[in-house]
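A.B. asks: Predicted model and sequence follow; I will ask about them next.
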Amino acid sequence: MKNLPSVLLAFFLALAGTEALAQISDINSAINKAGRQRMLSQRMAKAYFQIGLQIDTERSKKVLDSSVAAFDRQLVELKNFAPTPEIKSTYLKLETSWLAYKDVLLGSAPSPDNGRKVLAISEEVLATAQQGTVLLEKRSGTAAGRLVNVSGRQRMLSQRMAKFYQAGAWRVTDDKSLASLGVARQEFADALLELASAPVNTPQIKDSLELVKQQWLFFENALGQKSGADKRALLAVATTSERILEEMEGVVGLYEKLPK
């Protein structure tokens with residue numbers, strides 16, 4: 001059982017890599033991948049902070065590297081798929097922010113000074129990725145499209161919460177970080193209730209959401225622990241954020257397959 005998180009992470013990385021390589025087939029697929037870009041913007045920052053904190057270092061490096069590669073691939077796909085000039089322009093803007101972000105993430109070994117830059121740029125990249133996802137959801141105009149967006153945003157929130165927690169432990173946060181963590185926690189809980197009440201939910205989706213709910217209890221408990229010289233709390237956030245992310249990936253995939 002001790003190796004379970006490693007197995008889960010390896011499975012997710014393989015899954016994300018496979019899906020990222022597949023071409024965008026329809027609008028729901030585009031919303032899914034656009035939403036995953038939001039998540040990756042936060043996951044890369046989380047992994048960067050964990051490397052700086054020396055928390056699960058080798059696995060955090062793999063998370064960072066695989067996330068950078070997935071973001072690169074999906075950005076190309078989303079630019080190519082863009083069905084309107086406004087969406088195309090959004091992804092060209094995202095590309096500019098992404099190049100600056102990637103340079104800070106990979107340009108040198110993690111340091112607190114660069115960590116502050118990572119925190120700031122991750123917010124900029126997230127904002128533009130969110131804009132692209134919303135535009136694609138509006139383009140779809142369907143209930144399924146909205147559910148793909150809302151469930152996909154849960155992936156981002158899982159990584160956003162972990163990002164702010166680890167940034168706080170490394171003391172690279174800004175004045176807004178603590179409040180942003182609290183907002184993300186509330187938004188995740190509210191969206192979980194919205195998804196659970198969706199009338200189109202199949203028995204499989206209901207079961208998957210129940211698993212997410214169980215993982216959310218573990219993740220909330222980890223986020224509630226105070227970080228300090230004992231790194232167990234930091235490791236708990238690192239591992240539980242990955243577990244809830246994997247569960248949410250499954251849920252988004254189920255919503256993506258709903259009838260258009």
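C.D. replies: Received, thanks.
A.B. asks: what about the chain, any weak spots by pLDDT?
C.D. replies: Residues of the chain that meet the criterion pLDDT under 70 lie in 1-22, 228-229.
A.B. asks: For it, which segments count as strands?
C.D. replies: Counting by DSSP state E, the chain forms no strands at all.
A.B. asks: can you pull out the helices in it?
C.D. replies: Taking DSSP state H to define them, one finds helices in the chain at 4-21, 27-53, 57-81, 85-106, 112-140, 143-170, 177-196, 203-223, 232-256.
A.B. asks: what packs against the fifth one?
C.D. replies: If I follow you right, that is helix 112-140. helix 27-53, helix 85-106, helix 143-170 (3 or more C-beta pairs under 8 Å, 6 or more residues apart in numbering; DSSP states H and E). Yep, even glycine has a C-beta here, placed from its N, CA and C like the rest.
A.B. asks: For that helix, buried residues please.
C.D. replies: Residues 114-119, 121-126, 128-137, 139-140 are the ones in helix 112-140 that count as buried (16 or more other C-beta atoms under 10 Å).
A.B. asks: rewinding a little: now, of the helices of the chain, which is deepest in the fold?
C.D. replies: helix 27-53 (a mean of 27; mean count of other C-beta atoms under 10 Å).
A.B. asks: In terms of secondary structure, what does it contact?
C.D. replies: By 3+ C-beta pairs under 8 Å, 6+ apart, helix 27-53 packs against helix 4-21, helix 57-81, helix 85-106, helix 112-140, helix 143-170, helix 232-256.
A.B. asks: Including distance to A34, could the ones you listed go into a markdown table?
C.D. replies: What follows is the helices and strands packed on helix 27-53, written out as a markdown table (distance: least, C-beta to C-beta, whole Å):
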| stretch | distance to A34 |
| --- | --- |
| helix 4-21 | 12 |
| helix 57-81 | 6 |
| helix 85-106 | 9 |
| helix 112-140 | 4 |
| helix 143-170 | 8 |
| helix 232-256 | 11 |
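A.B. asks: and the closest residue to F81 other than its chain neighbours, how many neighbours?
C.D. replies: Nearest non-adjacent residue to F81, counting by C-beta to C-beta, 6 or more residues apart in numbering: I24, 4.5 Å away. The local packing of I24 (other C-beta atoms under 10 Å) involves 18 other residues.
A.B. asks: so V134 makes contact with V150?
C.D. replies: No. Using C-beta atoms under 8 Å, V134 is not in contact with V150; the gap is 11.2 Å.
A.B. asks: Quick one: residues contacting S158.
C.D. replies: When contacts are counted by C-beta atoms under 8 Å, 6 or more residues apart in numbering, S158 touches M39, F188, F219, S241, I244, L245, M248.
A.B. asks: so how far is F219 from it?
C.D. replies: 7 Å (C-beta to C-beta, to the nearest Å).
A.B. asks: what is in contact with the two at once?
C.D. replies: Joint contacts of S158 and F219 (C-beta under 8 Å, 6+ apart) are S241, I244.
A.B. asks: My guess is R171 contacts D113. True?
C.D. replies: No. Judged on C-beta under 8 Å, R171 makes no contact with D113 at a distance of 11.6 Å.
A.B. asks: OK, contacts around the nearest residue to G115 once chain neighbours are set aside?
C.D. replies: The shortest distance from G115 to any non-neighbouring residue, by C-beta to C-beta, 6+ apart, is to V172 (3.8 Å). Shown in contact with V172 (C-beta under 8 Å, 6+ apart): F49, P112, G115, R116, V118, L119.
A.B. asks: The same query, at a cut-off of 10 Å, please.
C.D. replies: 45, 48-49, 52, 110-120, 166 (C-beta atoms under 10 Å, 6 or more residues apart in numbering).
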